[in-house]
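Chemist: kindly generate the corresponding structure for this input.
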Amino acid sequence: GTGAASGAGAASGAGAASGAETGAGSGAASGSASGGRGDSAAAPGAASAALEALELPSGVAPDALRRVASAHRIEDAREGRRRSDALRERAAAHREEGRWLDAERVLQHAFVLAPTNPHVSRELAELYLARGRAALALPWAERAARLRRRRPTYRLLVGDVLEALGRSGAARAAWREALRLDPTHRAARQRLRD
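Modeler: Residues are numbered from 1 along each chain as shown. Take a look at the predicted model:
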């Protein structure tokens with residue numbers, strides 16, 4: 001094709017990646033953004049624009065989306081992070097407008113551009129939690145906390161998601177960890193009082 005992912009191929013690739021481990025998931029989407037990893041002739045901007053065109057289903061887990069990201073790796077990590085942060089701003093605007101599905105899709109693309117951007121994982125967790133999809137929020141919150149181990153607000157988020165799932169003991173442990181990281185963290189202290 002044209003170098004951009006076709007809608008059906010990208011959606012089936014991401015869908016397969018989130019389902020059974022057949023190996024077809026990331027492979028179906030792998031050659032579409034910039035001609036594959038070996039195509040160094042594609043400009044970084046063109047590659048990231050093609051990534052934004054990927055049609056990803058709602059609720060893709062971090063591991064499945066990471067496989068899509070590795071299949072579409074952008075050579076310039078700084079450019080990927082810059083574009084990822086710009087997409088985060090767009091997603092925030094969508095959330096403010098109540099366009100939750102659009103916000104989710106933009107954040108998924110932000111993740112594909114920069115999988116180690118912890119803010120994207122946190123924002124996906126917050127989005128799913130706000131929409132009552134705590135089971136989807138948990139792996140994103142845990143990923144954000146792993147990426148920023150010393151950030152108490154990320155531990156707080158893990159606790160909030162666990163509480164929403166009815167796992168109060170695990171939630172309290174996460175809040176205690178947030179308080180250990182920052183003994184002055186008022187939100188963690190408040191949750192532990194309740």
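
Chemist: quick one: residues contacting the closest residue in space to residue 170 that isn't next to it in sequence.
Modeler: Nearest non-adjacent residue to residue 170, counting by C-beta to C-beta, 6 or more residues apart in numbering: residue 162, 4.6 Å away. C-beta coordinates here come from the backbone N, C-alpha and C atoms, glycine included. Contacts for residue 162 (C-beta atoms under 8 Å, 6 or more residues apart in numbering) come out as 138, 168, 170-171, 174.

Chemist: who's in contact with the most centrally placed residue in the chain?
Modeler: Geometric centre of the chain, nearest residue: residue 121, 4.1 Å, by C-alpha atoms, centre = their mean. Applying C-beta under 8 Å, 6+ apart, we find residue 121 in contact with 62, 111, 140-141, 143-144, 147.

Chemist: hey, which helix is longest across this protein?
Modeler: helix 77-96 (DSSP state H).

Chemist: may I see the buried residues of the helix or strand just after that helix?
Modeler: Using DSSP states H and E, the helix or strand that directly follows helix 77-96 along the chain is helix 100-113. Buried residues in helix 100-113, defined by neighbour count with 16 or more other C-beta atoms under 10 Å: 100, 103-113.

Chemist: ditto for stretch 158-173
Modeler: Residues 158-164, 167, 171-172 are the ones in stretch 158-173 that count as buried (16+ other C-beta under 10 Å).

Chemist: do the same with stretch 64-84
Modeler: Quick answer for stretch 64-84 (16+ other C-beta under 10 Å): 64-69, 71-74, 79-81, 83-84.
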